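In: I need the structure of the sequence given here:
(one chain, ligands or ions: 1)
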Amino acid sequence: MKTKAYSNGEITILWKPEKCIHTGICVNTLPKVYNPKSKPWITPENATSKELIDQVEKCPSGALSIKEMQGNVKIEREDNGKKGRYVIYYNEEFAGEMTFTWAGKTKFIIDHTGVEDKFSGKGLGKKLVMKSVDFARENNVKIIPLCPFGYFGVMVPPVSVKQCHFERYCNYIKN
Ligand code: SF4
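Out: The predicted model follows:
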């Protein structure tokens, strides 16, 4: 699939034209970066990396994504059967965590997610979320998102596909 890349020197936005469903969400939420009347139509240098990442997460079709950051990212999972956490390391340094509590054997509640300030803008929070979604998928369990971090904030039940910016993950969200 054709992919175009736009960089601000720090991170790179990837855009797949064939996936774009032209909702205009990117243009409305970050007009200083997305302007269909300009060439190139995406100018990431006009926003911070955090603004860019936050916006890309709102793209409903997956047409927009962020190229993998340079640096070694590692996520470890701890689970004592009642509570647990995902810990993320960036170049072997602690960078953040996401904690959860089991609610029975088939559901777990994500209650907190935090990324250290010095690692913000690298998409690490999203990586933590995706790791938990992968776990839910592989083990056929559901997630109850209580964390206000934002990635799950739009999916607090009841969730409709229309409301959900991450509809491709909704099967794993308890509703
Ligand atoms: S938010 Fe995504 S799907 Fe919508 S117009 Fe922008 S790139 Fe296309």
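
In: State the helix or strand in which the most centrally placed residue in the chain lies.
Out: Central residue of the chain (C-alpha atoms, centre = their mean): residue 126, 3.4 Å from the mean position. According to DSSP states H and E, residue 126 maps onto helix 124-139.

In: what about the nearest residue to residue 18 once chain neighbours are set aside, neighbour count?
Out: Distances taken as C-beta to C-beta, 6 or more residues apart in numbering put residue 1 closest to residue 18, at 5.6 Å, once the chain neighbours are dropped. Quick note: C-beta positions are derived from backbone N, CA and C, even for glycine. Counted with other C-beta atoms under 10 Å, the neighbours of residue 1 add up to 6.

In: Output the below-cut-off pLDDT ranges for this protein.
Out: 68-71, 147-175 (pLDDT under 70).

In: Quickly list the domain ranges of it.
Out: If you go by automatic domain parsing, the domain ranges for the chain are 4-66, 73-172.

In: Minimum distance to the ligand: which of the ones you listed has it?
Out: domain 4-66 (3.3 Å; C-beta to the nearest ligand atom).
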